[in-house]
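> sequence and computational prediction follow.
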Amino acid sequence: MKKLLIPLALASFKLSYCQDSIFGVYNIGTSLPGEKTNGTVLKLNCDHSYLRADSITKDWGKWELKDKDLLILHIDTISANGRTEKFQVKVQYKLIGQKLVLHDKEYSKKAFKDFIHYVNKNTTDPMFKIRYSDETYEKYRLSTMNLYFEKKEIITCR
């Protein structure tokens, strides 16, 4: 019986340590020298809720960690300029050390088109509507592919 409990306890400790290590506050950064960011902050809470905000927009919902290195934000609500809309959108980040980098599949043209289609179909507020074009996609891709979130504060969960 002891032989079974020890590996089980170690596996449980390893899983809880991995899960605890992601909780915290992350600031946005860029890998482009001299490039400025918009000051976005991402907070991953112990109850698996999150808040991502900058000076103009914020979104919140729940998050989950898959395969120890894939963070999925389940966006529930987006607020911008005092207006709020409910959405059901997922955004994926790869956990690399203390950084969260937008997952490669989020850059695809299809993912971007699907996102725009979903938003336009599910919003009544014209402020949230987005017109798709190759130029819009290229701006999105170039503006996001060099961004990452870096952990600045650890949150200890009990």
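Sure thing, it's come through.
> sheet-wise, list the partners of the longest strand anywhere in the chain with their directions.
Selection of the longest strand in the chain by residue count, based on DSSP state E, yields strand 83-96. Sheet pairing of strand 83-96 (DSSP bridges) gives strand 70-80 (antiparallel), strand 99-102 (antiparallel).
> reformat those strands as a markdown table; add distance to E150, mean neighbour count and mean pLDDT.
For every residue, glycine as well, the C-beta is placed using N, CA and C. As requested, the strands paired with strand 83-96 are exported to a markdown table (distance: least, C-beta to C-beta, whole Å; neighbours: other C-beta atoms under 10 Å; pLDDT from 0 to 100):
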| stretch | distance to E150 | mean neighbour count | mean pLDDT |
| --- | --- | --- | --- |
| strand 70-80 | 13 | 16 | 93 |
| strand 99-102 | 5 | 19 | 91 |
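> what about the helices in this structure?
For the chain, the helices defined by DSSP state H occupy 2-22, 109-122, 134-144.
> dump the residue contacts of T77.
By C-beta atoms under 8 Å, 6 or more residues apart in numbering, the contact set of T77 is D59, W60, G61, T84, E85, K86, F87.
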